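> Okay, here's the prediction I keep looking at, along with the sequence it came from:
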Amino acid sequence: MAASSDAGPLIWLAKCDILHLLRKLYPQVLIPEAVHEEAVSRGLEKGFEDAKIIEKALEEEWIRVHTTSTQFTDKVEAVEKRLDIELGSGEREAIALALEKKIPTFLTNDEDAYQTGKILGLEPKGVLFLLLKGVKEGHHNKEKAKESLREMLEEGFWLSPTIIHKFHEALARL
């Protein structure tokens, strides 16, 4: 099963050195050129370690860059106008790529991108879902999931206290 992703989940999983978890959950991850530019090209220019980790996944070819057609980006832009929002090019192209390649799973941490994907019939999933799914499928343990979330929060990943609490409750039920 494949997934399309915007930059956020790739960057945060790589920052925590658990991008390999994504490979176990989705053997093929497709990203548009705008996500490559944001997560890899600009990151490498700034010397970010997470960009090197994502670049290695591209070299291993389980993450692949694809060009999106304007037919599908136009569909995304129409929903943006309807919602009176403006997505970044990475989010817009990642949603368009999922639509074009008929990939139901779209990975994002962005609330507007999540809503846009939902409206367009996709199944948006965020990094917390990936941590929980990794534990549920035995690719990750509960302690590593808690540690990864803590590390993300310390690095500036923002979640409401309610969402953090719900994550810990869901983790405890697994």
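Looks like it arrived, so ask away.

> what's the helix or strand for the closest residue to T105 other than its chain neighbours?
Taking CB to CB, 6 or more residues apart in numbering, and ignoring the residues beside it in sequence, T105 has A3 as its nearest neighbour in space, at 4.1 Å. All C-beta atoms are positioned from the backbone trio N, CA, C, and that covers glycine. When secondary structure is defined using DSSP states H and E, the element that contains A3 is strand 2-5.

> Just the buried residues of the next helix or strand after that strand, please?
Next helix or strand after strand 2-5 toward the C-terminus (DSSP H and E): helix 7-15. Applying a neighbour-count criterion of 16 or more other CB atoms under 10 Å, the buried positions in helix 7-15 are 7-15.

> Just give me the closest of those residues to Q115.
Nearest to Q115 among the buried residues of helix 7-15 is G8, at 14.9 Å by CB to CB.

> and the closest one, what pLDDT?
Looking at G8, its pLDDT stands at 96.

> May I ask you to confirm that it is in contact with T108?
Yes: when contacts are counted by CB atoms under 8 Å, G8 is listed as touching T108 (6.2 Å).

> Break down this protein into its helices, ranges please.
Taking DSSP state H as the test, the helices found in the chain are 7-15, 19-25, 33-36, 42-45, 49-59, 70-83, 89-101, 111-119, 127-136, 142-154, 161-173.

> wait, I95 sits on S4?
Yes: at 7.4 Å, I95 counts as touching S4 under the criterion of CB under 8 Å.

> what's the overlap in contacts for those two?
Taking CB atoms under 8 Å, 6 or more residues apart in numbering as the contact definition, I95 and S4 share the neighbouring residues F106.

> Might one say that I63 is in contact with A57?
Yes: under the criterion of CB under 8 Å, I63 makes contact with A57 at 4.3 Å.

> Considering the buried residues of helix 7-15, which is situated nearest to P161?
Out of these, the one with the shortest distance to P161 is W12. That distance is 18.7 Å, counting by CB to CB.

> Report how many residues lie close to T162.
Under the neighbour criterion other CB atoms under 10 Å, T162 is assigned a count of 8.

> Could you do G90 as well?
Residues lying near G90 (other CB under 10 Å) number 25.

> doesn't P9 make contact with it?
No: G90 is not in contact with P9 according to CB under 8 Å; the separation is 11.2 Å.

> Lovely, talk soon.
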